[in-house]
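Visitor: Let's see this in three dimensions:
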Amino acid sequence: MKKIGLIVKEFSENRIKDTLKKSDAVFVVKYSGVSSPDLCSLRQSLKTKSASLFVVKNSVARRALKNSGLELLVKNIEGPCGLIFVKDEPVAASQILCNFTKDHDKLKLEGGSLKDKIIERKDIESMSKLPSKEVLRAQVVGVLNSPISGLVITLNQVLAKFVICIDQIKNKKTS
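Guide: Alright, predicted model coming up:
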């Protein structure tokens with residue numbers, strides 16, 4: 001019969017592997033010196049953007065990352081570390097993380113993976129400066145809508161000038 005500690009480690013490792021398969025991105029953070037209430041507020045903020053913070057033993061995290069093909073992330077696992085799994089919007093999660101690190105300098109971004117590509121802290125910080133999906137969609141719609149709006153305005157002006165011209169001709173003939 002297995003010991004309870006071994007069962008917990010296997011369960012945690014399998015949970016990390018399964019969550020990695022479902023995630024678009026994973027970030028590694030060091031949280032040494034961050035209070036428990038602050039970590040809870042970070043978890044709640046991340047939850048609003050389909051992300052979650054998972055704290056696990058380093059040996060379990062290393063083994064799970066190696067078995068998932070993310071060996072290059074293993075070097076970031078030292079000391080008290082957490083894995084942040086992001087399902088939909090890596091940009092929004094990186095914005096939350098970067099804003100949190102501004103207020104809590106004890107939380108350190110170490111690196112991560114985005115769609116199976118290893119990224120560093122500077123990449124996460126750069127990603128946090130991008131606009132959200134909604135803003136990008138609005139910008140694309142605006143760009144696509146601009147030529148159509150210009151055409152409508154031009155056609156409207158042509159019609160308005162035509163009506164003014166006809167009105168002036170009518171005024172000349174009546175006077």
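
Visitor: biggest helix in the protein by residues?
Guide: helix 133-174 (DSSP state H).

Visitor: Pull the distance from that one to the chain's centre.
Guide: Computed by Cα atoms, centre = their mean, to the nearest Å, the chain-centroid distance of helix 133-174 equals 39 Å.

Visitor: And for stretch 38-51?
Guide: The mean C-alpha position of stretch 38-51 is separated from the chain mean by 13 Å, Cα atoms, centre = their mean.

Visitor: in it, what counts as buried?
Guide: For stretch 38-51, the neighbour count (16 or more other Cβ atoms under 10 Å) marks 38, 39, 42, 43, 45, 46, 49, 50, 51 as buried. In short, each C-beta sits where N, CA and C put it, glycine included.

Visitor: before we move on, what about stretch 116-133?
Guide: Under 16+ other Cβ under 10 Å, the buried positions of stretch 116-133 are 119, 121, 123, 124, 127, 128.

Visitor: first vs last residue of it, how far apart are they?
Guide: 20 Å (Cα to Cα, to the nearest Å).

Visitor: quick one, strands of the protein?
Guide: Using DSSP state E, the strands of the chain run over residues 25-30, 51-55, 81-86, 108-114, 117-120.

Visitor: can you name the two of the buried residues of stretch 38-51 that are farthest apart?
Guide: For these, with distances taken as Cβ to Cβ, the pair at the greatest spread is 38 and 50 (20.9 Å).

Visitor: Distance check, residue 63 against residue 74.
Guide: Separation of residue 63 from residue 74 (Cβ to Cβ, to the nearest Å) stands at 9 Å.

Visitor: Walk me through the domains of this structure.
Guide: 4-130, 131-175 (automatic domain parsing).

Visitor: who's in contact with residue 72?
Guide: Residue 72 sits next to residue 118 when contact means Cβ atoms under 8 Å, 6 or more residues apart in numbering.

Visitor: What about the spatially closest residue to residue 20 that is not a sequence neighbour, how many residues nearby?
Guide: For residue 20, ignoring the flanking residues on the chain, the nearest one in space by Cβ to Cβ, 6 or more residues apart in numbering is residue 68 at 4.8 Å. Residues near residue 68, counting by other Cβ atoms under 10 Å, number 19.

Visitor: Residue 135: which of the buried residues of stretch 38-51 is nearest?
Guide: Among the buried residues of stretch 38-51, and counting by Cβ to Cβ, the member closest to residue 135 is residue 49, at 14.2 Å.

Visitor: any idea how far the residue lying closest to the closest one once chain neighbours are set aside lies from residue 47?
Guide: Leaving out its chain neighbours, the residue that sits closest to residue 49 by Cβ to Cβ, 6+ apart is residue 92, at 4.2 Å. Distance, residue 92 to residue 47, using Cβ to Cβ: 12 Å.
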